[in-house]
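**Student:** I need the structure of the sequence given here:
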Amino acid sequence: MATMRDWKEDRASSRFSGPLRLGLAAWLVWLFTPALLGKEPVKAKEPVKTKEAPTFTRDVAPILQAKCQLCHRRRHVGPFALETYEQARKRASDIAYVTGERSMPPWKPAPGVGPSLKHDQSLSREEIATLVAWADAGAPKGDPKDMPPPPKFAEGWKLGPPDLILEPTEDYSIAPSSPDTYRCFVLPTNLTKDTYVSAIDFRPGNAKVVHHINAFLDTTGAARKRDEADPGSGYTSFAGPGIEAYEELCFWATGHVASHLPDGIGIRFPKQSDVILQVHYHPTGKPEVDRTRLGIYFSRKPVKQALHWNAASNSDFQLPAGKPDIEIKASWYIPVDLEVLAVSPHMHGLGHDMRVVVTLPNGRTNDLIHIPSWDPSWQSSYYFQKPIPVPKGSVVKVIAHFDNSSHPRNPNQPPKLVTWGQNASDEMCEGFLAVAKKGQDLTLPRAVDDLADIFAMQRIRKMRKQMMTRPSSR
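**Tutor:** As a prediction, this is how the structure comes out:
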């Protein structure tokens, strides 16, 4: 479970230069009704099979420990803890409500749609029904002997000591009343040769204010120039790293589980490249400081396939003011045989829902993911349990719906015409995929990773086609 805070835009970035990726503590339950979310609350009587009412010690505490306390414990991002009976009892009705309509925990993919995903944080119907029944019964405590021991959360690097640790040179201060801030910190890798990486992990310096983190790779030095021009530690940029050419690396939010890529797959770090750490800070009302660190794990086994991100994207659309249900589509033709490791839908505050599918050359269409109730504060990168083969000639398709009527998440009041753009007041329609070239073997003599060049040529041809078909301004 995550946190009760005002809804905020989570992340938005332009990803049209270089290999692509998208790599992710606010409870906005109070702003939405179950009808708007498109999900019916789970009734306690459906799955609950016990004859007696659930108790905290026997039935509720294990659920909270497994699915809620990662955020809702002392000195962490949750604004209140759910570690004791009294802490949970005071909020029993709230817990039943937000879990009943599946607003919390913040796991957005629709169940049963697309391939199985790693690190599924969602509650089962039985777990939800137990929480609802417990609240309806008056939140009984139960026998103290039934209370499970408190969980032990890993506070250090979850994958062990990293091979390379990067961090800003100084703390960053967050004012008590400042708005949500997206701050980019440029971290030189100082690598003396190109290096493949199998995992990246993050350690927020102050978990109370770090909502999520994006990591990007810069080989041009452009981020250093932006950093030098901005006073203080780092520079501010809402729309990704705010430079033209970059690679996206990974994403972190509370609940993120660091893991290694499958054997034989790695992320290439060119020598002397810089990592850009974009941290989304959510103020607490008190003066805070943070110095978030990033841990890099080098590939230990030979890398045969390089991981890249690309997207089915649409940058040529309009969202008329006042329209509550606008459908926008995007597509990406698969130029070579690929394996898809992850999917990451992306929209801004007007997004309502998104589905990403792939149509194979034989005409069959398979779901990859469906986000039925879009929430920009809780977007993420979703990794499949195993890579999904996608042959050349397939088409990845995005079907998204936007709501440009007057509602709390609309940044424009009154609503106005919205088009594609990098700012929070603009919109995006993108379905990102983490892919590797099927059959690629970079361990062979003279083997090269040409997937980035293939994707770049695709984007160039697409841009030229758009310029040729666009009406003349004369």
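
**Student:** Doesn't residue 467 lie inside a helix?
**Tutor:** Yes - counting by DSSP: H, G, I helix; E, B strand; the rest coil, residue 467 is part of a helix.

**Student:** Do you know the pLDDT at it?
**Tutor:** On pLDDT, residue 467 comes in at 73.

**Student:** distance of it from residue 346?
**Tutor:** In this view, residue 467 and residue 346 are 24 Å apart by C-beta to C-beta, to the nearest Å. Using the backbone N, CA and C atoms, a C-beta is placed for each residue, glycine as well.

**Student:** quick one, which of those two is more surrounded?
**Tutor:** Here residue 467 and residue 346 are compared on neighbour count by other C-beta atoms under 10 Å; more neighbours surround residue 346, at 26 against 8.

**Student:** how much space between that one and residue 105?
**Tutor:** According to C-beta to C-beta, residue 346 and residue 105 sit 21 Å apart.

**Student:** quick one: which helix or strand includes residue 323?
**Tutor:** Following DSSP states H and E, there is no helix or strand that holds residue 323.

**Student:** How about the contacts made by the closest residue in space to it that isn't next to it in sequence?
**Tutor:** Nearest residue to residue 323 in three dimensions, chain neighbours excluded: residue 404, at 5.2 Å (C-beta to C-beta, 6 or more residues apart in numbering). When contacts are counted by C-beta atoms under 8 Å, 6 or more residues apart in numbering, residue 404 is found next to 319, 320, 321, 322, 323, 324, 326, 350, 410, 415, 418.

**Student:** Give me the phi and psi for residue 404.
**Tutor:** The phi and psi torsions at residue 404 (degrees, to the nearest 10) take the values phi -110, psi 30.

**Student:** low pLDDT regions in the stretch 151-300 of the chain?
**Tutor:** Per-residue confidence for the stretch 151-300 of the chain (pLDDT under 70) gives these ranges: 154, 239, 254-255.

**Student:** Let me see the ranges of the helices in it.
**Tutor:** Under the criterion DSSP state H, counting those that start in this stretch, the stretch 151-300 of the chain contains helices at 222-229.

**Student:** From residue 74, how far out is residue 355?
**Tutor:** Using C-beta to C-beta, one gets 39 Å for the distance from residue 355 to residue 74.

**Student:** Give me the buried positions along stretch 458-471.
**Tutor:** Residues of stretch 458-471 classed as buried under the neighbour-count rule (16 or more other C-beta atoms under 10 Å) are residue 459.

**Student:** again with stretch 224-240
**Tutor:** Using 16+ other C-beta under 10 Å as the burial criterion, the residues of stretch 224-240 that qualify are 226, 227, 233, 234, 235, 237, 238, 239, 240.

**Student:** Next: stretch 257-270.
**Tutor:** Along stretch 257-270, these residues count as buried under the neighbour rule (16+ other C-beta under 10 Å): 258, 260, 261, 264, 265, 266, 267, 268, 269.

**Student:** Looking at these, which are in strands?
**Tutor:** Counting by DSSP state E, those place 265, 266, 267, 268, 269 in strands.

**Student:** these two touch, right, the fourth one and residue 306?
**Tutor:** Read it as residue 268. Yes - the pair residue 268 and residue 306 qualifies as a contact (C-beta atoms under 8 Å) at a distance of 5.4 Å.

**Student:** Mind listing the shared neighbours of those two?
**Tutor:** Looking at what touches both residue 268 and residue 306 (by C-beta under 8 Å, 6+ apart), the common residues are 196, 449.

**Student:** Give me the nearest residue to residue 177, chain neighbours excluded.
**Tutor:** By the measure of C-beta to C-beta, 6+ apart, the closest residue to residue 177 outside its immediate chain neighbours is residue 283, 6.8 Å from it.

**Student:** before we move on, the earlier item: quick one: the buried residues of stretch 257-270 as a markdown table, columns for distance to residue 451 too.
**Tutor:** Formatted as a markdown table, the entries for these read as follows, by distance: C-beta to C-beta, whole Å:
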| residue | distance to residue 451 |
| --- | --- |
| 258 | 25 |
| 260 | 21 |
| 261 | 15 |
| 264 | 15 |
| 265 | 12 |
| 266 | 13 |
| 267 | 12 |
| 268 | 11 |
| 269 | 16 |
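
**Student:** ok, those vs residue 383, which is closest?
**Tutor:** Checking the buried residues of stretch 257-270 against residue 383 by C-beta to C-beta gives residue 261 as the nearest, at 9.2 Å.

**Student:** and that closest one, what is it in contact with?
**Tutor:** When contacts are taken as C-beta under 8 Å, 6+ apart, residue 261 is in contact with 198, 199, 267, 307, 341.

**Student:** could those residues go into CSV alongside distance to residue 274?
**Tutor:** Listed next are the contacts of residue 261 as CSV, based on distance: C-beta to C-beta, whole Å:
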residue, distance to residue 274
198, 20
199, 19
267, 15
307, 19
341, 25
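
**Student:** in the sheet, who's paired with the nearest residue to residue 110 once chain neighbours are set aside?
**Tutor:** In this structure, residue 110 finds its nearest non-sequential neighbour in residue 370, 4.3 Å apart by C-beta to C-beta, 6+ apart. On DSSP bridges, the residues paired with residue 370 through beta bridges are residue 355.

**Student:** can I assume residue 370 is in contact with residue 109?
**Tutor:** Yes - under the criterion of C-beta under 8 Å, residue 370 lies in contact with residue 109, with a separation of 6.7 Å.

**Student:** ok, back up a step: apply the buried test to the contacts of residue 404 and list what passes.
**Tutor:** In these, burial by neighbour count holds for 319, 323, 326, 350, 410, 415, 418, counting by 16+ other C-beta under 10 Å.

**Student:** show me the contacts for the spatially closest residue to the fourth one that is not a sequence neighbour.
**Tutor:** The one in question is residue 350. Of all residues beyond its chain neighbours, the one nearest residue 350 is residue 402 (4.6 Å), with distances taken as C-beta to C-beta, 6+ apart. By C-beta under 8 Å, 6+ apart, the contact list for residue 402 reads 319, 325, 326, 328, 347, 350, 351, 352, 427, 429.

**Student:** Could you report the pLDDT at the last one?
**Tutor:** Model confidence at residue 429, given as pLDDT, is 95.

**Student:** right, and it touches residue 317 too?
**Tutor:** Yes - with contact defined as C-beta under 8 Å, residue 429 and residue 317 form a contacting pair (6.5 Å).

**Student:** Can you pick out the residue with more neighbours from those two?
**Tutor:** Residue environment comparison for residue 429 versus residue 317 gives the larger neighbour count to residue 429, 27 against 18, counting by other C-beta under 10 Å.
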